[in-house]
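Colleague: predicted model, plus sequence, below.
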Amino acid sequence: MASKHLFYLALCLTLLPTIVEAQNQDDQSTEHSMSQTEKAGPYLIRNDLTDSQRTHLLGEIRSFLWTHWKKHHSGELKATFYTVEGDQTNYAFFIEKDRRGRWVIRLKTESEVSELLPPGQVPRREDTLVVYSIVERIDPATEKPVSADQVLQPEIYKLRLNSQGGSSSFTI
């Protein structure tokens with residue numbers, strides 16, 4: 001009986017380095033896949049930008065989102081926009097697979113509404129999280145979808161993000 005225990009102990013000690021090495025490789029591949037998420041930004045879309053500067057920055061944002069969505073590449077983009085009144089909204093776009101394996105764009109926004117409030121009213125914070133599963137390029141003049149295969153400069157189209165069921169829509 002003791003020889004059986006010694007045999008199993010020797011077998012475990014022999015296999016242990018192989019098991020540890022396999023676990024280390026799994027950990028590294030998880031870290032590697034996480035590091036494959038390309039990041040862009042932060043973009044700052046202020047009200048003092050010229051039309052040309054604004055068009056260029058919005059084109060970069062659209063290009064990043066569309067390219068990553070279409071090619072199924074993980075990505076993260078951050079941008080800050082300001083209202084005419086000066087209120088700031090931070091946007092974080094995450095291009096990723098959902099739990100079902102579908103590609104989505106998850107949009108997290110953080111806003112502080114403080115301008116144009118009645119005197120004495122405390123500024124309020126508004127946070128949202130919406131998952132968009134439909135992404136399409138649209139012609140700004142007609143608001144009609146443009147073929148996904150058509151090559152276009154990002155300055156001349158807009159992106160429309162729609163949630164499943166169409167309950168929420170976002171255009172940039």
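Modeller: Looks like it came in fine.

Colleague: which parts of the chain are helices?
Modeller: 2-35, 51-71 (DSSP state H).

Colleague: lowest-confidence stretch among these?
Modeller: Among the helices of the chain, helix 2-35 carries the lowest mean pLDDT, at a mean of 38.

Colleague: touching, Lys78 and Gly41? I think so.
Modeller: Yes: counting by CB atoms under 8 Å, Lys78 touches Gly41, with 3.9 Å between them. Backbone N, C-alpha and C define where each C-beta goes, glycine included.

Colleague: ok, now which ones touch the residue nearest to the spatial centre of the chain?
Modeller: For the chain, Phe94 is the residue whose C-alpha lies nearest the centre (CA atoms, centre = their mean; 1.2 Å). Phe94 makes contact with Gly75, Glu76, Ile105, Arg106, Leu107, Lys108, according to CB atoms under 8 Å, 6 or more residues apart in numbering.

Colleague: any chance of JSON lines for the residues you listed, columns pLDDT and distance to Val130?
Modeller: Shown next, in JSON lines, are these (pLDDT from 0 to 100; distance: CB to CB, whole Å):
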{"residue": "Gly75", "pLDDT": "98", "distance to Val130": "17"}
{"residue": "Glu76", "pLDDT": "98", "distance to Val130": "16"}
{"residue": "Ile105", "pLDDT": "98", "distance to Val130": "9"}
{"residue": "Arg106", "pLDDT": "97", "distance to Val130": "8"}
{"residue": "Leu107", "pLDDT": "98", "distance to Val130": "5"}
{"residue": "Lys108", "pLDDT": "98", "distance to Val130": "8"}
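
Colleague: list buried residues within those residues.
Modeller: Gly75, Glu76, Ile105, Leu107 (16 or more other CB atoms under 10 Å).

Colleague: which one among those gets closest to Val146?
Modeller: Ile105 (17.6 Å; CB to CB).

Colleague: so that closest one is in contact with Val135, correct?
Modeller: Yes: at 6.1 Å, Ile105 counts as touching Val135 under the criterion of CB under 8 Å.

Colleague: shared neighbours, those two?
Modeller: Leu65, Trp69, Leu161.

Colleague: how about the nearest residue to the second one, chain neighbours excluded?
Modeller: Spatially, and ignoring its direct neighbours in sequence, Trp69 is nearest to Val135 (4.8 Å; CB to CB, 6 or more residues apart in numbering).

Colleague: quick one, what contacts that neighbour?
Modeller: Val135 sits next to Leu65, Trp66, Trp69, Ile105, Leu159, Arg160, Leu161, Asn162 when contact means CB under 8 Å, 6+ apart.
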